[in-house]
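Peer 1: From the sequence below, what's the structure:
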Amino acid sequence: NQTDFANFLEDHLEDVLEPTGQDLLSIATDLEAASTGSFKGRVNLQNGSTKLCYQDDVETTVEVPRTLTLGIPLFEHGDKYKLGARLRFVISGGSVKFKLLFTNLQDAKDQEFERIVQEIEEKATVSIYRGRLSLPW
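Peer 2: You can find the predicted model right below:
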């Protein structure tokens, strides 16, 4: 929800690269949104066809960015990695709820894992085998 998102941002301002963490916190704390919906329904009794239409319009007091760039570690105690994310929000039960959808998370995790493996190979001067464990159960 809006309060949890703002509190989380306040604790992680340095992790938000674009827009700045302070700008995003300002958006999260100042956002007011209103939703108006309309419903239209039409039934043809002769042939049983139905046409339903629902439209929901949302107006906000501040411009909410569609995308963010974050700098966060992918693994515990790791280096910060640049990640893209889409910021989504919905109005539900009279409050605003936020969601982050990462755009390149799996690729970033794979690349960072490979970088760590290569670093270990260089320092340990041994080959590291990659693969998946196949368990019989």
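Peer 1: Give me the longest helix you can find in this structure.
Peer 2: In the chain, with assignment by DSSP state H, the single longest helix is helix 105-124.
Peer 1: So for that helix, what gets flagged as buried?
Peer 2: Neighbour-count burial for helix 105-124 flags 108, 112 (criterion: 16 or more other Cβ atoms under 10 Å). To be clear about C-beta, it is placed using only N, CA and C from the backbone, and glycine gets the same treatment.
Peer 1: just stretch 12-30 next, same as before
Peer 2: 15-16, 19, 21, 24-25, 27-28.
Peer 1: coming back round to it: could you export the longest helix of the chain as PDB, CA atoms only?
Peer 2: The C-alpha trace of helix 105-124 is given here as PDB (Å, rounded to 0.1, in the frame of the first residue of the first chain):
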ATOM      1  CA  LEU A 105      15.800  -9.800 -13.300                       C
ATOM      2  CA  GLN A 106      16.500 -13.300 -14.500                       C
ATOM      3  CA  ASP A 107      19.100 -12.200 -17.100                       C
ATOM      4  CA  ALA A 108      20.800 -10.000 -14.400                       C
ATOM      5  CA  LYS A 109      20.900 -12.900 -11.900                       C
ATOM      6  CA  ASP A 110      22.400 -15.200 -14.600                       C
ATOM      7  CA  GLN A 111      25.000 -12.700 -15.600                       C
ATOM      8  CA  GLU A 112      26.000 -11.900 -12.000                       C
ATOM      9  CA  PHE A 113      26.200 -15.600 -11.100                       C
ATOM     10  CA  GLU A 114      28.500 -16.200 -14.100                       C
ATOM     11  CA  ARG A 115      30.600 -13.200 -13.100                       C
ATOM     12  CA  ILE A 116      31.000 -14.700  -9.500                       C
ATOM     13  CA  VAL A 117      31.800 -18.100 -10.900                       C
ATOM     14  CA  GLN A 118      34.500 -16.700 -13.200                       C
ATOM     15  CA  GLU A 119      36.000 -14.700 -10.300                       C
ATOM     16  CA  ILE A 120      36.100 -17.900  -8.200                       C
ATOM     17  CA  GLU A 121      37.700 -19.900 -11.000                       C
ATOM     18  CA  GLU A 122      40.400 -17.200 -11.500                       C
ATOM     19  CA  LYS A 123      41.300 -17.000  -7.800                       C
ATOM     20  CA  ALA A 124      41.100 -20.700  -7.100                       C
END
